[in-house]
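Undergrad: quick one, fold the following:
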Amino acid sequence: MKNLKIVFLLFTLLLTSALIWSCQKELDKVGETSKNLKNTKSLVARGLNDCVPPELETPTHPCYNSNMYTITTNLTLPQYPNCTFTVEIDVRICYDYLGRPINYFISDWRWTNNIFDCTSFLDDAIAAYQNNTFTSFITLFDNRMLIAIENYFIQQAIQSGGSAFYYCGSNPPLNIAYYQSGCFRFCMGTDANNHWAIRRTLCGTNCCQRITEMCINPQTGQIVKTTTITSLGSCTSISPQSGWCNLNNATTTDCIQICEQ
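TA: Model prediction:
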């Protein structure tokens, strides 16, 4: 009888342990699902809407369920060599098993300093404002900034992974993908302090996909880039936020697609 009690006690302990382990597994699943939902909400909150790269929803992809980072850096453009533009970039960085960058997924960027501190940029912007060419001016500036951001991440990857890892033909090329809502309206005018300013608002449901593949020629050491740009959908009009252009004497663009090379 005593032996039976011991066996029953051991059976009860094992059963209890199994139940606790099973419950913990379910809690872990709930926690993981909650984390995924938080990541999804953060994507929507950052304005990506349905412009989510399909790779980020593929469990076998290195970037699946990766974290988004906001990186602040200073960039220069060849057109304005004496100016510094401070920008914030929302990006997901994916690594191989040795910790070398292989993919960058950029969702948005924005300047954080007063871009009109650059007098040559201010002169060009005012000329575009006065000559009714502001739409083409701001679209071109956006494109130039994207190229500068790509070059920034290329240099970051080379410093991290080493040039040899990105030799053409030896490994898959470095991939820099930019997915963003591609329909915007811009306006330019003066603010309450009589300072020039630019505002931007989303005005359509189009998505812009810009993918740049990079490798390094092992003989010359030159960077080789191939860029493919795809406009996903049309600028189906949506109403802009009320008061989005709170500037004086403002010139305002139509809803434009900035998805171009």
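
Undergrad: could you use CA atoms for every contact and neighbour count after this?
TA: Fine.

Undergrad: show me what secondary structure element comes after the strand or helix carrying Ile158.
TA: Taking DSSP states H and E as the criterion, Ile158 maps to helix 134-161. Per DSSP H and E, the first helix or strand lying C-terminal to helix 134-161 is strand 174-181.

Undergrad: one step back: residues of the helix holding Ile158 that come out buried?
TA: Buried residues in helix 134-161, counted by 16 or more other C-alpha atoms under 10 Å: 134-135, 138-139, 142, 144-146, 148-150, 153-154, 157-158, 161.

Undergrad: and the residues you listed, which two are furthest apart?
TA: Phe134 and Gly161 (40.5 Å; C-alpha to C-alpha).

Undergrad: the helix holding Ile158 packs against which elements?
TA: strand 69-77, strand 101-111, helix 119-130 (3 or more C-alpha pairs under 8 Å, 6 or more residues apart in numbering; DSSP states H and E).

Undergrad: and the angle from it to strand 101-111?
TA: 140 degrees (axes from the mean of the first three to the mean of the last three C-alpha atoms, to 10 degrees).

Undergrad: what angle separates helix 134-161 from helix 119-130?
TA: Using the same axes, to 10 degrees: helix 134-161 against helix 119-130 is 150 degrees.

Undergrad: low pLDDT regions in the stretch 101-250 of the chain?
TA: The stretch 101-250 of the chain contains residues with pLDDT under 70 at 236-237.

Undergrad: pop the domain breakdown of the protein in here.
TA: 1-45, 48-257 (automatic domain parsing).

Undergrad: Phe121 against Asn82, yeah?
TA: No: contact criterion C-alpha atoms under 8 Å: Phe121 and Asn82 do not qualify, at 10.3 Å.

Undergrad: just to revisit the earlier point, out of the domains of the chain, which is the most enclosed?
TA: Highest mean neighbour count among these (mean count of other C-alpha atoms under 10 Å): domain 48-257, with a mean of 16.

Undergrad: what about that domain, distance to the chain center?
TA: 8 Å (C-alpha atoms, centre = their mean, to the nearest Å).

Undergrad: neighbouring contacts of stretch 62-72?
TA: Stretch 62-72 is contacted by residues 36, 39, 55-59, 86-96, 103 when judged by C-alpha atoms under 8 Å, 6 or more residues apart in numbering.

Undergrad: and it, how far apart are its ends?
TA: Criterion C-alpha to C-alpha, to the nearest Å; first-to-last residue distance in stretch 62-72 is 24 Å.

Undergrad: so what's the residue nearest to Tyr129 when sequence neighbours are not counted up against?
TA: For Tyr129, ignoring the flanking residues on the chain, the nearest one in space by C-alpha to C-alpha, 6 or more residues apart in numbering is Thr251 at 6.9 Å. By C-alpha under 8 Å, 6+ apart, the residues touching Thr251 are 129, 187-189.

Undergrad: distance check, Thr251 against Ala127.
TA: As defined by C-alpha to C-alpha, Thr251 lies at a distance of 12 Å from Ala127.

Undergrad: try Ser160
TA: To Ala127, Ser160 is 42 Å away according to C-alpha to C-alpha.

Undergrad: what do you get for Asn171?
TA: 47 Å.

Undergrad: for the stretch 151-261 of the chain, which segments are assigned as helices?
TA: Ranges of helices in the stretch 151-261 of the chain, per DSSP state H, counting those that start in this stretch: none exist.
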